[in-house]
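A.B. asks: mind folding the following:
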Amino acid sequence: MRSRKPMVEQTKSWEVVFRDLQRAIISGENRPRERLVEDELIASTGATRHAIRRAFDELLRVGLVVRQPNKGVQVRDYSIREIEELYEIRECLELRAASHYTKPAGTELIDRLTAIASRHRDASREQRFADVFSLNNEFHELLYRAAGNQQLADAIIHYTFATHPIRTRAFPNEELREIAIRDHFAMVDAVAAGKGDELAELIRTHIQRPKEYYIRATNIQGSI
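C.D. replies: Numbering: from 1, shown residues only. This is a model prediction of the structure:
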């Protein structure tokens with residue numbers, strides 16, 4: 001009896017498909033409003049339909065895509081109005097969290113923040129954008145949860161997820177990545193010193209840069 005060759009192309013897991021699609025969206029290879037077609041991805045990746053759909057679910061969860069009636073899954077896009085509204089909410093929430101840092105933070109928190117910021121720096125300079133994405137989220141979640149109000153932290157995380165495609169659009173830009181690295185370490189210094197006002201100003205400018213870059217890069221000026 002002739003042995004069958006293993007169907008390697010059918011073994012790609014949903015996690016691998018998710019990471020590949022995440023990387024493509026973050027890098028701009030898949031553009032805003034671009035459709036992600038199941039059959040095309042099955043053909044190009046060799047993954048099962050179940051794996052593709054599970055990867056789509058994860059992309060939906062982290063806010064990188066949307067599912068539209070009669071259109072399927074597509075890379076998330078925003079109007080100017082949506083962007084301004086989302087960032088107004090983010091700024092209010094994140095500056096409120098920063099105001100909780102009225103005293104110098106403990107050594108354990110500073111060490112944890114510094115370690116994450118260092119790993120983020122290394123990933124950024126090595127252009128490992130999927131790791132930049134996850135480490136950036138990890139840094140800010142720790143920062144806001146340590147502020148003490150967990151309901152506030154949950155709300156911040158929710159709106160941060162809602163703006164993932166805006167934030168990640170700037171990842172390929174080296175200058176903005178270096179500024180983000182400096183911001184993170186400056187935030188750690190502000191937390192260590194208990195300077196909430198300084199931290200708030202750092203956060204204000206930190207979250208605005210990717211927004212402004214996204215608007216320029218996607219050419220949506222005047223769109224509503």
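A.B. asks: go through the chain and flag its longest helix.
C.D. replies: In the chain, assigned by DSSP state H, the helix with the most residues is helix 196-218.
A.B. asks: which helices and strands does it pack with?
C.D. replies: Helices and strands touching helix 196-218, by 3 or more CB pairs under 8 Å, 6 or more residues apart in numbering; DSSP states H and E, are helix 80-98, helix 164-168, helix 174-193. Heads up, the C-betas are built off the backbone N, CA and C, glycines and all.
A.B. asks: contacts for the shortest one?
C.D. replies: When contacts are defined by CB atoms under 8 Å, 6 or more residues apart in numbering, helix 164-168 is touched by residues 25-26, 32, 62-64, 75-78, 83, 86, 129, 133, 136, 160, 210-211, 214.
A.B. asks: go again with 6 Å.
C.D. replies: Contact with helix 164-168 is made by 26, 62, 63, 64, 76, 133, 210, 211, 214, as judged by CB atoms under 6 Å, 6 or more residues apart in numbering.
A.B. asks: kindly report the same for the longest one.
C.D. replies: The set of residues external to helix 174-193 that reach it, using CB under 6 Å, 6+ apart, is 101, 104-105, 110, 113-114, 117, 121, 124, 139, 170, 198-199, 202, 206, 209.
A.B. asks: among the residues you listed, which two are most distant?
C.D. replies: Maximum pairwise distance in the contacts of helix 174-193, criterion CB to CB, is 31.5 Å, between 104 and 170.
A.B. asks: show me the contacts for residue 155.
C.D. replies: residue 93.
A.B. asks: can you give me the offset of the helix or strand hosting it from its chain's centre?
C.D. replies: Element membership for residue 155 (DSSP states H and E) is helix 150-162. Centroid displacement of helix 150-162 relative to its chain, using CA atoms, centre = their mean, to the nearest Å, is 13 Å.
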